[in-house]
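Student: Requesting a structural model of the entry that follows:
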Amino acid sequence: MICSIEIIDYLLYLYQQIQYGERQIYEYRLNILKYEFEKEREDLKHLFIDQELKELDNQINVLNAMEQDDTLQQFIQFQLQKRQLEENFFKDITILHGHFKTQIDSLKSTINEVSLNEFTRSF
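Tutor: Residues are numbered from 1 along each chain as shown. Here you go, the predicted model:
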């Protein structure tokens with residue numbers, strides 16, 4: 001026959017085993033939750049990093065577009081300035097040519113007058 005102390009000891013033993021078993025289940029579930037939390041945290045971290053990288057890429061694309069637009073505007077401005085300089089140069093050369101021609105005609109006329117005066121003096 002089993003005495004009451006043995007029964008109590010056995011019940012305590014069973015209770016400890018239940019507690020130990022429940023503790024193992026609790027720790028197992030806790031470890032699963034920790035793993036899932038860490039995985040979700042890493043996923044969020046990567047998602048955040050990916051979003052930040054995407055935003056940086058978008059900003060770089062905007063800056064590149066602005067730079068290309070600025071470069072194009074500078075090129076167009078340069079071409080306009082070049083054309084204006086060419087037109088001004090051609091206009092100045094044309095005016096200078098006209099002045100030279102006028103002066104040459106004036107010099108020819110003066111030479112002809114001087115020659116004519118000398119020719120008439122000789123007679």
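
Student: Could you pull up the mean pLDDT of the host helix or strand of residue 82?
Tutor: Element membership for residue 82, per DSSP states H and E: helix 4-122. Computed over helix 4-122, the mean pLDDT rounds to 88.

Student: For that helix, what is the distance to the chain centroid?
Tutor: Relative to the mean C-alpha coordinate of its chain, helix 4-122 is positioned 1 Å out (C-alpha atoms, centre = their mean, to the nearest Å).

Student: Which neighbouring elements make contact with it?
Tutor: Contact here means 3 or more C-beta pairs under 8 Å, 6 or more residues apart in numbering; DSSP states H and E; on that basis helix 4-122 packs against no helix or strand. Heads up, the C-betas are built off the backbone N, CA and C, glycines and all.

Student: burial of residue 115, as a residue count?
Tutor: 10 (other C-beta atoms under 10 Å).

Student: distance of it from residue 31?
Tutor: According to C-beta to C-beta, to the nearest Å, residue 115 stands 122 Å off from residue 31.

Student: now residue 93: how far from residue 104?
Tutor: Separation of residue 93 from residue 104 (C-beta to C-beta) stands at 16 Å.

Student: for residue 30, same thing?
Tutor: 108 Å.

Student: ditto for residue 18
Tutor: In terms of C-beta to C-beta, residue 18 sits 126 Å off from residue 104.

Student: And for residue 16?
Tutor: Taking C-beta to C-beta, one finds residue 16 at 127 Å from residue 104.

Student: likewise residue 50?
Tutor: Distance from residue 50 to residue 104, by C-beta to C-beta: 79 Å.

Student: again, but for residue 48
Tutor: Taking C-beta to C-beta as the measure, residue 48 falls 82 Å from residue 104.

Student: can you check residue 54 too?
Tutor: Distance of residue 54 to residue 104, given as C-beta to C-beta: 73 Å.

Student: How about residue 118?
Tutor: As judged by C-beta to C-beta, residue 118 and residue 104 stand 21 Å apart.

Student: Having no further points to raise, I will conclude here.
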